[in-house]
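> What follows is a protein structure lacking sequence information:
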């Protein structure tokens, strides 16, 4: 007897989609990357290029991907067969990027490690009486920390190193001398990584039925925690000094091309475009859902969260600078340095440090979990949509997800070794670089704006929502967004700087070759797929392009695209008589 094939899932309630989408777009980058970039690149003046790229790239791409998912009711790979079969390589490129992005679960393991140690009194990173401390260690109560020579990485020249920095480098990472020295696996970190993968598995193992329930907590609680930290931060001595440093406008920075590049990259990263997750979440919506309104509000929520997070972070850093008697640029950092050195040091100086440390790291781990299981759902749903006859049978999804998570965990074991942080930095710098995201965004705009047709996409939005998008979106899909992405993509190569570690470590030549191989692996998929499809399709070149450039039937309705198809055929006949 043939096993029953299940129908494709949908969100049971509208708010489950909103919470899942909000949890995906609001992540670690909003908390530890945007505030630093704003301070570094002109403060309030940085908001101008940020808002400009949000209007020209972020919002149009977010809406475009949401509409693609809801209109086709397919995942990130198979959706292109209903829009532009020639561009299906975009879906495989997204899968490659998502596979590399699974390595970011090691960040959750780091955060969980800190969270576990938050329940000790005193906090282990505040003293030098731990097994991992060296003779250079200086605890937070020492005068060496308060003498005005503290740097952003917690050091004072080559003479001393703060207890916070030693906890990060030696207590957590046990850092080796470089990527060549893999070293021993740190079993505590390995168990934290295992716990993260087990949690993510059970968050999504039943599809949107389980994900839709989990997001009620994982998406809402970080906002509650952020609000608590914001109120607490603004009431600390020196908080407003930090806020002024955060937003003090420096218009001269706008003459620097790097500022504009970082603004564009931050918009694309924080909005989560070109990762397939927006398409996946949209594909679980009902066809008549008002995705146009949802997308606009989610984009506003994302940008506002970044701005508010900056106030929370810099108020605490201002307090830290005030306490140490140093300029705030001596304590401000981005990325891991902010989350694992500067902020832990700041909360240690507050009353009830364990409470604020637990709040901060709980917020980080929930922000990361949302993004992680959204990426897992993108990969899983794409595989299911490619093989629906096999994968939509009972328990097939759970079994596939179990083996996939197990393989990912095994592959990531080297990241828990002493040299793992160097490998992580290599993957982070190259595999999910801004250039890869820019290329995928460019390809999506060409496939939809020119092949499927921006006018046709506007018709689709109107059919589903009853509202026609602003003319600006049609212009962005065809002109503004692809041109912006192309310009930034080219500039990213012209402004390329080889990866170096914060402590001055230079990677070996083979590591840079590996990095470039990872970066190009997601880019070359698109042209290779297109050439392969053209070669394998029957007919003349004009007939092949006609078949692959645009689908004949409407993806979800009885309408046909004969008019659009006729226009496409006339263009192709002119080009290829």
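Structure received. In this text the structure is predicted, and so the values were computed from the model without any measurement.

> my guess is residue 409 contacts residue 194, does it?
Yes. In this structure, residue 409 is within contact of residue 194 by Cβ atoms under 8 Å, at 6.4 Å. Any C-beta I mention is one placed from the backbone N, CA and C, and that applies to glycine too.

> more neighbours, the two?
residue 409 (18 against 15; other Cβ atoms under 10 Å).

> which residues of the stretch 351-500 of the chain fall in helices?
Here the stretch 351-500 of the chain has its helices, by DSSP state H, counting those that start in this stretch, at 353-386, 388-391, 396-411, 420-430, 434-446, 454-465, 471-475, 481-494.

> try the stretch 201-350 of the chain
208-218, 221-234, 239-247, 257-271, 277-283, 291-324, 336-337, 343-348.

> For the fourth one, which outside residues touch it?
Same thing as helix 257-271. With contact meaning Cβ atoms under 8 Å, 6 or more residues apart in numbering, helix 257-271 is reached by 25, 27, 29-30, 33-34, 37, 41-42, 46, 49-50, 52-54, 57-59, 61-62, 253-254, 274, 299, 302-303, 306, 434, 437-438, 441, 484, 488, 491-492, 495.

> Show the buried residues in those residues.
Among the contacts of helix 257-271, the ones that count as buried by 16 or more other Cβ atoms under 10 Å are 25, 27, 29-30, 33-34, 37, 41-42, 46, 49-50, 52-54, 57-59, 61-62, 253-254, 274, 299, 302-303, 306, 434, 437-438, 441, 484, 488, 491-492.

> which one of the helices of the stretch 201-350 of the chain lies closest to residue 507?
With Cβ to Cβ as the measure, helix 336-337 is the member of the helices of the stretch 201-350 of the chain nearest residue 507 (17.3 Å).

> can you tell me the average pLDDT over the closest one?
Across helix 336-337, pLDDT averages out at 77.

> How many residues are close by residue 473?
Residue 473, neighbours per other Cβ under 10 Å, totals 23.

> same check, this time on residue 541
By other Cβ under 10 Å, neighbour count at residue 541 equals 12.

> What's the local residue count around the closest residue to residue 436 other than its chain neighbours?
Spatial nearest neighbour of residue 436, chain neighbours left out: residue 522 (5.0 Å); criterion: Cβ to Cβ, 6 or more residues apart in numbering. Neighbourhood size, residue 522 [other Cβ under 10 Å]: 26.

> Kindly report the same for residue 300.
12.

> How about the one 10 residues further on?
Taking other Cβ under 10 Å as the criterion, the count of residues near residue 310 is 24.

> roughly how far apart are it and residue 247?
According to Cβ to Cβ, to the nearest Å, residue 310 stands 8 Å off from residue 247.

> got any residues that touch both of those two?
Looking at what touches both residue 310 and residue 247 (by Cβ under 8 Å, 6+ apart), the common residues are residue 38.

> can you pull the buried residues of the helix or strand that contains the residue nearest to residue 436?
Per DSSP states H and E, residue 522 falls inside helix 509-523. By 16+ other Cβ under 10 Å, the buried positions in helix 509-523 come out as 511, 512, 514, 515, 518, 519, 521, 522, 523.

> Among the residues you listed, which one sits closest to residue 394?
Distances from residue 394 to the buried residues of helix 509-523, taken by Cβ to Cβ, are shortest for residue 522, at 33.5 Å.

> Hmm, the closest one is touching residue 91, no?
No. Look at residue 522 against residue 91 with Cβ under 8 Å: they stay out of range, at 11.5 Å.

> re earlier: who are the packing partners of the helix or strand just after the helix holding residue 522?
Downstream of helix 509-523, the first helix or strand assigned by DSSP H and E is helix 525-536. On a contact count with 3 or more Cβ pairs under 8 Å, 6 or more residues apart in numbering; DSSP states H and E, helix 525-536 meets helix 89-101, helix 434-446, helix 541-549.

> Residue 375 touches residue 280, doesn't it?
No. Counting by Cβ under 8 Å, residue 375 does not reach residue 280; the two are 9.2 Å apart.

> Neighbour count: those two, which is higher?
More crowded of residue 375 and residue 280, by other Cβ under 10 Å: residue 280, with 28 against 25.

> which ones are touching the more buried one?
69, 75, 76, 374, 377, 378, 381, 382.

> swap the cut-off to 10 Å and go again
Contact partners of residue 280, counting by Cβ atoms under 10 Å, 6 or more residues apart in numbering, are 20, 24, 65, 69, 74-76, 79, 94, 208, 374-375, 377-382, 385.

> low-scoring pLDDT stretches of the stretch 151-300 of the chain, where are they?
151-159 (pLDDT under 70).

> Could you rerun that using 90?
151-162, 165, 177, 203-214, 218, 245, 247-248, 257-258 (pLDDT under 90).

> The stretch 1-150 of the chain now?
For the stretch 1-150 of the chain, the stretches flagged by pLDDT under 90 are 1-9, 12, 24-33, 36, 39-40, 42, 121, 135-136, 138-150.

> Check which residues of stretch 460-471 are buried.
Buried residues in stretch 460-471 (16+ other Cβ under 10 Å): 460, 461, 463, 464, 465, 469.

> which residues touch it?
With Cβ under 10 Å, 6+ apart as the test, stretch 460-471 has contacts from 60, 63-64, 66-68, 70-72, 83, 285-296, 448, 452-454, 457-459, 473-474, 476-477, 554-557, 559.

> are any of the residues you listed buried, and which?
Buried among the contacts of stretch 460-471 by 16+ other Cβ under 10 Å: 60, 63-64, 66-68, 70-72, 83, 285, 287, 289, 291-292, 294-295, 448, 452-454, 457-459, 473-474, 476-477, 554-556.

> Highest mean neighbour count out of the helices and strands packed on helix 525-536?
Counting by mean count of other Cβ atoms under 10 Å, helix 434-446 has the highest mean neighbour count of those, with a mean of 24.

> and the angle from it to helix 525-536?
Using axes from the mean of the first three to the mean of the last three Cα atoms, to 10 degrees, the inter-axis angle of helix 434-446 relative to helix 525-536 is 40 degrees.

> What residues does residue 62 make contact with?
21, 25, 54, 267-268, 271-273, 278, 282, 294-296, 298-299, 302.

> Tell me the span between the first and last residue of stretch 54-62.
10 Å (Cα to Cα, to the nearest Å).

> Distance from the chain centre to it, please.
15 Å (Cα atoms, centre = their mean, to the nearest Å).

> Same check on stretch 262-275?
For stretch 262-275, the distance to the chain centre is 8 Å (Cα atoms, centre = their mean).

> Now that stretch: buried residues?
262-275.

> repeat for stretch 114-122
Those would be 114, 115, 117, 118, for stretch 114-122 by 16+ other Cβ under 10 Å.

> Could you tell me the angle between the helix or strand hosting the second one and helix 353-386?
This points to residue 115. Here residue 115 sits within helix 105-117, counting by DSSP H and E. Using the same axes, to 10 degrees, one finds that helix 105-117 and helix 353-386 are set 150 degrees apart in direction.

> got the angle between helix 105-117 and helix 420-430?
130 degrees.

> Including distance to residue 178 and mean pLDDT, could the helices of the stretch 351-500 of the chain go into JSON lines?
Output for the helices of the stretch 351-500 of the chain, formatted as JSON lines (distance: least, Cβ to Cβ, whole Å; pLDDT from 0 to 100):
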{"stretch": "helix 353-386", "distance to residue 178": "27", "mean pLDDT": "93"}
{"stretch": "helix 388-391", "distance to residue 178": "42", "mean pLDDT": "88"}
{"stretch": "helix 396-411", "distance to residue 178": "21", "mean pLDDT": "95"}
{"stretch": "helix 420-430", "distance to residue 178": "6", "mean pLDDT": "92"}
{"stretch": "helix 434-446", "distance to residue 178": "25", "mean pLDDT": "94"}
{"stretch": "helix 454-465", "distance to residue 178": "49", "mean pLDDT": "94"}
{"stretch": "helix 471-475", "distance to residue 178": "48", "mean pLDDT": "96"}
{"stretch": "helix 481-494", "distance to residue 178": "26", "mean pLDDT": "93"}
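
> Show me what counts as buried in stretch 166-180.
In stretch 166-180, counting by 16+ other Cβ under 10 Å, buried: 166, 167, 168, 169, 170, 171, 172, 173, 174, 175, 176, 179.
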